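Chemist: Structure here, sequence nowhere to be found:
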(Lines give C-alpha, C1' and ligand atoms only; values in the text may rest on other atoms or scores of the structure.)
Protein backbone atom coordinates (compact mmCIF):
# COMPACT_ATOMS: atom_id res chain seq x y z
CA UNK A 1 0.00 0.00 0.00
CA UNK A 2 2.80 2.39 0.94
CA UNK A 3 4.59 1.75 -2.34
CA UNK A 4 1.39 2.43 -4.26
CA UNK A 5 0.99 5.79 -2.52
CA UNK A 6 4.59 6.74 -3.25
CA UNK A 7 4.17 5.73 -6.88
CA UNK A 8 1.03 7.85 -7.14
CA UNK A 9 2.84 10.83 -5.59
CA UNK A 10 5.68 10.41 -8.05
CA UNK A 11 3.26 10.16 -10.96
CA UNK A 12 1.36 13.27 -9.84
CA UNK A 13 4.55 15.29 -9.38
CA UNK A 14 5.87 14.19 -12.76
CA UNK A 15 2.60 14.93 -14.54
CA UNK A 16 2.34 18.36 -12.89
CA UNK A 17 5.94 19.15 -13.82
CA UNK A 18 5.33 18.22 -17.45
CA UNK A 19 2.10 20.22 -17.72
CA UNK A 20 3.79 23.29 -16.23
CA UNK A 21 6.69 22.80 -18.61
CA UNK A 22 4.25 22.72 -21.51
CA UNK A 23 2.73 26.00 -20.28
CA UNK A 24 6.19 27.58 -20.17
CA UNK A 25 6.88 26.25 -23.66
CA UNK A 26 3.70 28.05 -24.77
CA UNK A 27 5.40 31.26 -23.62
CA UNK A 28 7.63 30.88 -26.69
CA UNK A 29 4.51 31.57 -28.75
CA UNK A 30 3.80 34.56 -26.54
CA UNK A 31 7.23 36.05 -27.12
CA UNK A 32 6.92 35.40 -30.86
CA UNK A 33 3.53 37.12 -31.09
CA UNK A 34 4.51 40.03 -28.84
CA UNK A 35 7.68 40.73 -30.77
CA UNK A 36 6.01 40.25 -34.16
CA UNK A 37 3.41 42.81 -33.12
CA UNK A 38 5.92 45.39 -31.90
CA UNK A 39 8.24 45.37 -34.92
CA UNK A 40 7.49 46.82 -38.35
CA UNK A 41 5.78 44.56 -40.87
CA UNK A 42 8.91 44.36 -43.03
CA UNK A 43 10.73 42.59 -40.19
CA UNK A 44 8.03 40.15 -39.09
CA UNK A 45 9.20 36.97 -40.82
CA UNK A 46 12.72 37.34 -39.46
CA UNK A 47 11.59 37.87 -35.86
CA UNK A 48 9.35 34.80 -36.09
CA UNK A 49 12.21 32.77 -37.55
CA UNK A 50 14.46 33.84 -34.69
CA UNK A 51 11.91 32.78 -32.09
CA UNK A 52 11.21 29.32 -33.46
CA UNK A 53 14.90 28.68 -34.20
CA UNK A 54 16.16 29.85 -30.80
CA UNK A 55 13.73 27.50 -29.08
CA UNK A 56 15.07 24.53 -31.04
CA UNK A 57 18.68 25.59 -30.42
CA UNK A 58 18.04 26.05 -26.69
CA UNK A 59 16.51 22.59 -26.40
CA UNK A 60 19.40 20.98 -28.26
CA UNK A 61 22.26 22.81 -26.53
CA UNK A 62 20.79 22.25 -23.07
CA UNK A 63 20.48 18.57 -23.91
CA UNK A 64 24.04 18.30 -25.21
CA UNK A 65 25.86 20.20 -22.45
CA UNK A 66 23.74 22.79 -20.63
CA UNK A 67 21.99 20.51 -18.17
CA UNK A 68 25.28 18.85 -17.26
CA UNK A 69 26.93 22.24 -16.60
CA UNK A 70 24.01 23.46 -14.51
CA UNK A 71 23.22 20.39 -12.43
CA UNK A 72 25.95 17.87 -13.14
CA UNK A 73 23.35 15.22 -13.89
CA UNK A 74 24.17 14.09 -17.39
CA UNK A 75 21.04 11.95 -17.33
CA UNK A 76 20.70 11.72 -21.09
CA UNK A 77 24.29 10.88 -22.00
CA UNK A 78 26.23 9.89 -18.91
CA UNK A 79 23.83 7.13 -17.87
CA UNK A 80 24.18 5.48 -21.26
CA UNK A 81 27.92 5.88 -21.61
CA UNK A 82 28.68 4.39 -18.21
CA UNK A 83 26.86 1.24 -19.25
CA UNK A 84 29.93 0.46 -21.31
CA UNK A 85 28.60 0.90 -24.84
CA UNK A 86 31.68 0.91 -27.06
CA UNK A 87 30.05 0.86 -30.50
CA UNK A 88 26.91 2.04 -32.24
CA UNK A 89 25.34 -1.39 -31.74
CA UNK A 90 26.33 -1.36 -28.08
CA UNK A 91 24.94 2.15 -27.68
CA UNK A 92 21.66 1.07 -29.25
CA UNK A 93 21.46 -1.94 -26.93
CA UNK A 94 22.18 0.26 -23.93
CA UNK A 95 19.44 2.70 -24.87
CA UNK A 96 16.93 -0.10 -25.37
CA UNK A 97 17.94 -1.62 -22.06
CA UNK A 98 17.37 1.70 -20.29
CA UNK A 99 13.92 2.12 -21.80
CA UNK A 100 12.98 -1.50 -21.14
CA UNK A 101 14.19 -1.51 -17.53
CA UNK A 102 11.65 -0.89 -14.80
CA UNK A 103 13.81 1.70 -13.07
CA UNK A 104 15.25 3.51 -16.13
CA UNK A 105 17.55 5.54 -13.89
CA UNK A 106 19.18 7.34 -16.78
CA UNK A 107 15.83 8.89 -17.64
CA UNK A 108 14.32 9.35 -14.17
CA UNK A 109 14.87 13.11 -14.33
CA UNK A 110 13.42 13.58 -17.79
CA UNK A 111 10.58 15.69 -16.40
CA UNK A 112 13.06 17.96 -14.61
CA UNK A 113 15.08 18.38 -17.79
CA UNK A 114 11.97 19.27 -19.78
CA UNK A 115 10.89 21.85 -17.21
CA UNK A 116 14.36 23.40 -17.04
CA UNK A 117 14.97 23.54 -20.78
CA UNK A 118 11.97 25.76 -21.45
CA UNK A 119 13.39 28.25 -18.93
CA UNK A 120 16.58 28.40 -20.98
CA UNK A 121 14.55 29.20 -24.09
CA UNK A 122 12.72 31.94 -22.18
CA UNK A 123 15.99 33.66 -21.27
CA UNK A 124 17.09 33.59 -24.90
CA UNK A 125 13.72 34.87 -26.14
CA UNK A 126 14.31 38.06 -24.16
CA UNK A 127 17.36 38.79 -26.30
CA UNK A 128 15.43 38.35 -29.54
CA UNK A 129 13.16 41.36 -29.15
CA UNK A 130 15.83 43.77 -27.94
CA UNK A 131 18.04 43.30 -31.01
CA UNK A 132 15.17 43.21 -33.50
CA UNK A 133 15.06 44.90 -36.92
CA UNK A 134 18.80 45.29 -37.54
CA UNK A 135 20.65 42.11 -36.55
CA UNK A 136 21.79 39.35 -38.89
CA UNK A 137 19.80 36.18 -38.33
CA UNK A 138 22.74 33.77 -38.32
CA UNK A 139 24.79 35.94 -35.97
CA UNK A 140 21.86 35.88 -33.54
CA UNK A 141 21.53 32.10 -33.80
CA UNK A 142 25.29 31.69 -33.24
CA UNK A 143 24.95 33.70 -30.04
CA UNK A 144 21.98 31.53 -29.03
CA UNK A 145 24.24 28.46 -29.16
CA UNK A 146 26.68 30.01 -26.66
CA UNK A 147 24.01 31.57 -24.44
CA UNK A 148 21.93 28.43 -24.01
CA UNK A 149 24.79 25.94 -23.96
CA UNK A 150 27.27 27.81 -21.76
CA UNK A 151 26.48 31.26 -20.36
CA UNK A 152 23.05 30.56 -18.84
CA UNK A 153 23.81 27.04 -17.53
CA UNK A 154 26.90 28.24 -15.64
CA UNK A 155 25.09 31.03 -13.79
CA UNK A 156 22.16 28.67 -13.27
CA UNK A 157 24.57 26.22 -11.67
CA UNK A 158 25.75 28.90 -9.24
CA UNK A 159 22.18 29.59 -8.15
CA UNK A 160 19.64 26.79 -8.60
CA UNK A 161 22.36 24.18 -9.13
CA UNK A 162 24.05 24.98 -5.80
CA UNK A 163 27.56 25.16 -7.29
CA UNK A 164 30.15 27.56 -5.93
CA UNK A 165 31.14 30.54 -8.05
CA UNK A 166 34.41 29.50 -9.73
CA UNK A 167 35.12 27.45 -6.59
CA UNK A 168 35.45 30.66 -4.53
CA UNK A 169 32.17 31.15 -2.68
CA UNK A 170 28.57 29.97 -2.56
CA UNK A 171 25.71 32.38 -3.10
CA UNK A 172 23.15 33.00 -0.39
CA UNK A 173 20.54 34.02 -2.91
CA UNK A 174 16.79 33.45 -3.07
CA UNK A 175 14.99 33.45 -6.42
CA UNK A 176 11.89 31.22 -6.52
CA UNK A 177 11.31 31.10 -10.27
CA UNK A 178 13.97 33.32 -11.80
CA UNK A 179 13.47 37.09 -11.75
CA UNK A 180 17.25 37.32 -11.75
CA UNK A 181 18.38 33.89 -12.91
CA UNK A 182 16.21 33.88 -16.04
CA UNK A 183 14.83 37.35 -16.73
CA UNK A 184 17.63 39.65 -15.62
CA UNK A 185 20.15 37.25 -17.20
CA UNK A 186 18.34 37.42 -20.53
CA UNK A 187 18.18 41.20 -20.29
CA UNK A 188 21.91 41.43 -19.48
CA UNK A 189 22.73 39.46 -22.62
CA UNK A 190 20.32 41.67 -24.58
CA UNK A 191 21.89 44.87 -23.22
CA UNK A 192 25.34 43.71 -24.27
CA UNK A 193 24.04 42.94 -27.75
CA UNK A 194 22.24 46.27 -28.12
CA UNK A 195 25.36 48.22 -27.07
CA UNK A 196 27.52 46.41 -29.64
CA UNK A 197 24.82 46.55 -32.32
CA UNK A 198 23.75 50.18 -32.01
CA UNK A 199 20.29 51.72 -32.55
CA UNK A 200 18.05 51.32 -35.58
CA UNK A 201 18.52 53.80 -38.40
CA UNK A 202 16.35 56.86 -37.84
CA UNK A 203 15.54 56.09 -34.22
CA UNK A 204 17.55 59.00 -32.84
CA UNK A 205 17.99 62.35 -34.57
CA UNK A 206 21.16 64.40 -34.82
CA UNK A 207 19.78 66.98 -32.39
CA UNK A 208 18.93 64.40 -29.74
CA UNK A 209 15.29 63.89 -30.66
CA UNK A 210 13.75 60.46 -30.20
CA UNK A 211 11.68 59.24 -33.12
CA UNK A 212 8.91 56.77 -32.38
CA UNK A 213 8.93 53.62 -34.55
CA UNK A 214 5.52 52.02 -33.91
CA UNK A 215 4.89 48.32 -34.24
CA UNK A 216 2.83 46.96 -37.10
CA UNK A 217 0.30 44.79 -35.29
CA UNK A 218 -0.90 45.73 -31.81
CA UNK A 219 -3.62 43.03 -31.74
CA UNK A 220 -0.83 40.48 -32.16
CA UNK A 221 1.18 42.14 -29.37
CA UNK A 222 -1.84 42.01 -27.06
CA UNK A 223 -2.38 38.34 -27.90
CA UNK A 224 1.29 37.65 -27.14
CA UNK A 225 0.93 39.33 -23.75
CA UNK A 226 -2.09 37.20 -22.84
CA UNK A 227 -0.22 34.05 -23.91
CA UNK A 228 2.75 35.03 -21.73
CA UNK A 229 0.40 35.83 -18.86
CA UNK A 230 -1.12 32.37 -19.12
CA UNK A 231 2.24 30.64 -19.52
CA UNK A 232 3.55 32.37 -16.42
CA UNK A 233 1.27 30.23 -14.26
CA UNK A 234 3.41 27.28 -15.33
CA UNK A 235 6.59 29.31 -14.97
CA UNK A 236 5.92 30.22 -11.34
CA UNK A 237 3.53 27.40 -10.41
CA UNK A 238 5.83 24.65 -11.65
CA UNK A 239 8.65 26.08 -9.54
CA UNK A 240 6.96 24.70 -6.42
CA UNK A 241 8.47 21.43 -7.77
CA UNK A 242 5.78 19.16 -6.34
CA UNK A 243 2.05 18.65 -5.88
CA UNK A 244 2.08 15.69 -3.50
CA UNK A 245 0.61 17.11 -0.30
CA UNK A 246 -2.03 19.50 0.99
CA UNK A 247 0.58 22.14 1.80
CA UNK A 248 2.14 21.86 -1.65
CA UNK A 249 -1.27 22.17 -3.31
CA UNK A 250 -2.08 25.23 -1.22
CA UNK A 251 1.28 26.78 -2.14
CA UNK A 252 0.57 26.26 -5.83
CA UNK A 253 -2.79 27.97 -5.42
CA UNK A 254 -1.16 30.94 -3.69
CA UNK A 255 1.49 31.17 -6.40
CA UNK A 256 -1.17 31.24 -9.12
CA UNK A 257 -3.16 33.86 -7.20
CA UNK A 258 -0.16 36.11 -6.57
CA UNK A 259 1.13 35.77 -10.12
CA UNK A 260 -2.19 36.94 -11.50
CA UNK A 261 -2.48 39.73 -8.92
CA UNK A 262 0.97 41.11 -9.72
CA UNK A 263 0.31 41.12 -13.46
CA UNK A 264 -2.95 42.97 -12.93
CA UNK A 265 -1.30 45.51 -10.64
CA UNK A 266 1.53 46.08 -13.09
CA UNK A 267 -0.81 46.73 -16.00
CA UNK A 268 -3.03 49.13 -14.03
CA UNK A 269 -0.05 51.09 -12.69
CA UNK A 270 1.66 51.38 -16.08
CA UNK A 271 -1.58 52.49 -17.74
CA UNK A 272 -2.15 55.20 -15.11
CA UNK A 273 1.44 56.46 -15.25
CA UNK A 274 1.32 56.58 -19.06
CA UNK A 275 -1.94 58.54 -18.88
CA UNK A 276 -0.37 61.16 -16.64
CA UNK A 277 2.86 61.37 -18.65
CA UNK A 278 1.51 61.21 -22.21
CA UNK A 279 -2.09 62.26 -21.79
CA UNK A 280 -3.26 59.06 -23.46
CA UNK A 281 -3.82 55.41 -22.59
CA UNK A 282 -0.70 53.82 -24.11
CA UNK A 283 -1.41 50.17 -24.96
CA UNK A 284 2.25 49.19 -25.35
CA UNK A 285 3.05 50.57 -21.91
CA UNK A 286 0.05 48.71 -20.47
CA UNK A 287 1.22 45.44 -22.04
CA UNK A 288 4.75 45.93 -20.75
CA UNK A 289 3.27 46.84 -17.35
CA UNK A 290 1.56 43.45 -17.13
CA UNK A 291 4.80 41.69 -18.05
CA UNK A 292 6.70 43.84 -15.56
CA UNK A 293 4.31 42.76 -12.81
CA UNK A 294 4.89 39.13 -13.75
CA UNK A 295 8.68 39.54 -13.72
CA UNK A 296 8.56 41.37 -10.38
CA UNK A 297 6.65 38.59 -8.58
CA UNK A 298 8.64 35.74 -10.12
CA UNK A 299 11.44 35.85 -7.54
CA UNK A 300 9.00 35.13 -4.71
CA UNK A 301 5.37 34.39 -5.59
CA UNK A 302 4.61 32.05 -2.67
CA UNK A 303 5.16 34.17 0.44
CA UNK A 304 3.51 37.57 -0.18
CA UNK A 305 -0.13 38.23 0.60
CA UNK A 306 -2.24 38.87 -2.51
CA UNK A 307 -2.32 42.59 -1.66
CA UNK A 308 1.47 42.73 -1.31
CA UNK A 309 1.82 40.82 -4.60
CA UNK A 310 -0.39 43.43 -6.26
CA UNK A 311 1.75 46.23 -4.84
CA UNK A 312 4.96 44.50 -5.98
CA UNK A 313 3.47 44.25 -9.45
CA UNK A 314 2.33 47.86 -9.43
CA UNK A 315 5.80 49.08 -8.50
CA UNK A 316 7.15 46.99 -11.38
CA UNK A 317 4.60 48.63 -13.70
CA UNK A 318 5.71 52.10 -12.65
CA UNK A 319 9.39 51.22 -12.99
CA UNK A 320 9.02 49.85 -16.51
CA UNK A 321 7.50 53.07 -17.88
CA UNK A 322 10.28 55.25 -16.51
CA UNK A 323 12.93 52.71 -17.53
CA UNK A 324 11.76 52.60 -21.16
CA UNK A 325 11.85 56.41 -21.30
CA UNK A 326 15.27 56.56 -19.62
CA UNK A 327 16.86 53.99 -21.95
CA UNK A 328 15.55 55.93 -24.94
CA UNK A 329 17.18 59.09 -23.59
CA UNK A 330 20.43 57.13 -23.27
CA UNK A 331 19.98 56.04 -26.92
CA UNK A 332 19.76 52.39 -25.99
CA UNK A 333 17.35 51.19 -28.66
CA UNK A 334 15.15 48.31 -27.50
CA UNK A 335 12.18 47.94 -29.88
CA UNK A 336 10.04 45.87 -27.48
CA UNK A 337 11.18 47.17 -24.08
CA UNK A 338 12.69 43.80 -23.11
CA UNK A 339 15.66 45.23 -21.20
CA UNK A 340 13.35 47.36 -19.06
CA UNK A 341 10.73 44.66 -18.49
CA UNK A 342 13.05 41.77 -17.74
CA UNK A 343 16.22 43.52 -16.60
CA UNK A 344 15.38 46.65 -14.63
CA UNK A 345 12.18 45.16 -13.21
CA UNK A 346 14.02 41.87 -12.68
CA UNK A 347 16.31 43.73 -10.28
CA UNK A 348 13.26 45.02 -8.43
CA UNK A 349 11.85 41.49 -8.28
CA UNK A 350 15.03 40.14 -6.70
CA UNK A 351 15.00 42.89 -4.05
CA UNK A 352 11.24 42.50 -3.45
CA UNK A 353 11.95 39.04 -2.02
CA UNK A 354 13.07 40.85 1.14
CA UNK A 355 9.51 42.09 1.70
CA UNK A 356 8.12 38.63 2.42
CA UNK A 357 10.95 36.10 2.83
CA UNK A 358 12.47 36.38 6.31
CA UNK A 359 15.32 34.05 5.36
CA UNK A 360 16.56 36.24 2.52
CA UNK A 361 19.19 38.90 3.21
CA UNK A 362 19.94 42.16 1.44
CA UNK A 363 23.60 41.28 0.97
CA UNK A 364 22.76 37.82 -0.33
CA UNK A 365 20.28 39.18 -2.87
CA UNK A 366 22.58 41.95 -4.07
CA UNK A 367 25.66 39.74 -4.34
CA UNK A 368 23.70 37.07 -6.20
CA UNK A 369 22.17 39.63 -8.52
CA UNK A 370 25.51 41.28 -9.30
CA UNK A 371 27.17 37.91 -9.87
CA UNK A 372 24.53 36.95 -12.42
CA UNK A 373 24.59 40.31 -14.19
CA UNK A 374 28.37 40.70 -14.39
CA UNK A 375 28.87 37.13 -15.64
CA UNK A 376 26.14 37.24 -18.28
CA UNK A 377 26.83 40.78 -19.46
CA UNK A 378 30.62 40.36 -19.65
CA UNK A 379 30.59 37.00 -21.41
CA UNK A 380 27.81 38.09 -23.76
CA UNK A 381 29.67 41.28 -24.63
CA UNK A 382 32.76 39.28 -25.54
CA UNK A 383 30.73 36.86 -27.67
CA UNK A 384 28.94 39.69 -29.46
CA UNK A 385 32.27 41.39 -30.21
CA UNK A 386 33.72 38.11 -31.47
CA UNK A 387 30.73 37.54 -33.75
CA UNK A 388 31.00 41.10 -35.01
CA UNK A 389 34.65 40.55 -35.92
CA UNK A 390 34.14 37.11 -37.46
CA UNK A 391 30.88 37.39 -39.39
CA UNK A 392 29.37 40.77 -38.67
CA UNK A 393 26.19 41.16 -36.64
CA UNK A 394 24.37 44.02 -38.36
CA UNK A 395 22.68 44.08 -41.74
CA UNK A 396 23.56 46.80 -44.25
CA UNK A 397 21.76 50.17 -44.28
CA UNK A 398 19.98 49.21 -47.49
CA UNK A 399 18.84 45.87 -46.06
CA UNK A 400 17.62 47.56 -42.90
CA UNK A 401 15.68 50.13 -44.94
CA UNK A 402 14.06 47.43 -47.10
CA UNK A 403 13.41 45.18 -44.10
CA UNK A 404 15.33 42.13 -42.95
CA UNK A 405 12.55 39.76 -44.03
CA UNK A 406 13.77 39.82 -47.63
CA UNK A 407 17.52 39.92 -46.98
CA UNK A 408 17.58 37.32 -44.21
CA UNK A 409 14.60 35.07 -45.00
CA UNK A 410 13.73 35.73 -48.63
CA UNK A 411 10.03 36.16 -47.92
CA UNK A 412 7.57 38.67 -46.49
CA UNK A 413 5.02 38.14 -43.75
CA UNK A 414 2.36 40.22 -45.52
CA UNK A 415 3.21 40.08 -49.26
CA UNK A 416 -0.29 41.06 -50.38
CA UNK A 417 0.08 44.47 -48.73
CA UNK A 418 3.40 45.49 -50.26
CA UNK A 419 1.90 46.85 -53.45
CA UNK A 420 4.33 44.93 -55.63
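Modeler: In hand now; what should we look at? None of these values were measured; they are calculated from a predicted model. Numbering: from 1, shown residues only.
Chemist: can you count the residues close to the closest residue to residue 254 other than its chain neighbours?
Modeler: Once flanking residues are discounted, residue 254 sits nearest to residue 302: 5.8 Å by CB to CB, 6 or more residues apart in numbering. The way it works is simple: take the backbone N, C-alpha and C, and place the C-beta from them, glycine included. Neighbourhood size, residue 302 [other CB atoms under 10 Å]: 20.
Chemist: ok, residue 302 touching residue 176?
Modeler: Yes: with contact defined as CB atoms under 8 Å, residue 302 reaches residue 176; the gap is 6.3 Å.
Chemist: Show me where the stretch 101-250 of the chain dips below the pLDDT cut-off.
Modeler: Counting by pLDDT under 70, the ranges of the stretch 101-250 of the chain that qualify are 101-108.
Chemist: Run through the strands of it in chain order.
Modeler: In the stretch 101-250 of the chain, no strands are defined using DSSP state E, counting those that start in this stretch.
Chemist: Look through this structure and tell me its longest helix.
Modeler: Among the segments of the chain that qualify as a helix by DSSP state H, the longest is helix 2-38.
Chemist: what's around residue 307, how many residues?
Modeler: Count around residue 307 with other CB under 10 Å applied: 11.
Chemist: still on that earlier bit, same for the longest helix of the chain, what does it pack against?
Modeler: Helix 2-38 sits against helix 44-61, helix 110-130, helix 218-237, with contacts defined as 3 or more CB pairs under 8 Å, 6 or more residues apart in numbering; DSSP states H and E.
Chemist: still on that earlier bit, and what about the residue nearest to residue 254, helix, strand or coil?
Modeler: coil (DSSP: H, G, I helix; E, B strand; the rest coil).
Chemist: Got phi/psi on it?
Modeler: phi -90, psi -30 (degrees, to the nearest 10).
Chemist: Check the one 10 residues further on too.
Modeler: Note on residue 312: backbone dihedrals following degrees, to the nearest 10 are phi -60, psi -40.
Chemist: How many neighbouring residues does it have?
Modeler: Using other CB under 10 Å, residue 312 has 28 other residues around it.
Chemist: which residues does it contact?
Modeler: By CB atoms under 8 Å, 6 or more residues apart in numbering, residue 312 lies in contact with 262, 265, 293, 296, 297, 304, 349, 352, 355.
Chemist: switch to 10 Å and redo it
Modeler: With contact set as CB atoms under 10 Å, 6 or more residues apart in numbering, residue 312 has these partners: 258, 261-262, 265-266, 293, 296-297, 299-301, 304, 348-349, 352-353, 355-356.
Chemist: hang on, the earlier thing: shared neighbours, residue 302 and residue 176?
Modeler: 236, 239, 240, 255, 357.
Chemist: would you list these in CSV and tack on neighbour count and distance to residue 221?
Modeler: Listed next are the shared contacts of residue 302 and residue 176 as CSV, based on neighbours: other CB atoms under 10 Å; distance: CB to CB, whole Å:
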residue, neighbour count, distance to residue 221
236, 28, 22
239, 21, 27
240, 24, 30
255, 25, 26
357, 17, 34
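Chemist: would CSV of those with distance to residue 278 be doable?
Modeler: What follows is these, written out as CSV (distance: CB to CB, whole Å):
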residue, distance to residue 278
236, 31
239, 36
240, 39
255, 34
357, 36
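Chemist: quick check, nearest of those residues to residue 63?
Modeler: Among these, residue 239 lies closest to residue 63 (CB to CB), at 21.0 Å.
Chemist: Please name the nearest non-neighbouring residue to the closest one.
Modeler: Leaving aside its chain neighbours, residue 239 sits nearest to residue 177 (3.9 Å; criterion: CB to CB, 6+ apart).
Chemist: next one: residue 399
Modeler: In space, and not counting its chain neighbours, residue 399 is closest to residue 407: 4.0 Å by CB to CB, 6+ apart.
Chemist: I'd assumed the one you found was in a helix, is it?
Modeler: Yes: Residue 407: assigned to a helix according to three-state DSSP.
Chemist: What about it, how many residues nearby?
Modeler: Residue 407 sits with 16 neighbouring residues when counted by other CB under 10 Å.
Chemist: Could you report the distance from residue 131 to residue 157?
Modeler: Distance, residue 131 to residue 157, using CB to CB, to the nearest Å: 26 Å.
Chemist: More neighbours: which of those two?
Modeler: More crowded of residue 131 and residue 157, by other CB under 10 Å: residue 131, with 29 against 20.
Chemist: my guess is the more buried one meets residue 387, correct?
Modeler: No: shown here, residue 131 and residue 387 do not form a contact pair, counting by CB atoms under 10 Å, at 11.5 Å.
Chemist: So which of the shared contacts of residue 302 and residue 176 belong to helices?
Modeler: Per DSSP H, these map to helices at 236, 255.
Chemist: Out of the shared contacts of residue 302 and residue 176, flag the one nearest to residue 29.
Modeler: In terms of CB to CB, no member of the shared contacts of residue 302 and residue 176 lies closer to residue 29 than residue 236, at 18.0 Å.
Chemist: OK, contacts around that closest one?
Modeler: Counting by CB under 10 Å, 6+ apart, residue 236 makes contact with 20, 24, 176-178, 252, 255-256, 258-260, 262, 294, 297-302.
Chemist: Quick check: phi and psi on the residue nearest to residue 239?
Modeler: Backbone torsions of residue 177, given as degrees, to the nearest 10, read phi -130, psi 0.
Chemist: rewinding a little: pick the most buried one from the helices and strands packed on helix 2-38.
Modeler: Ranked by mean neighbour count under mean count of other CB atoms under 10 Å, the helices and strands packed on helix 2-38 are led by helix 110-130, which reaches a mean of 24.
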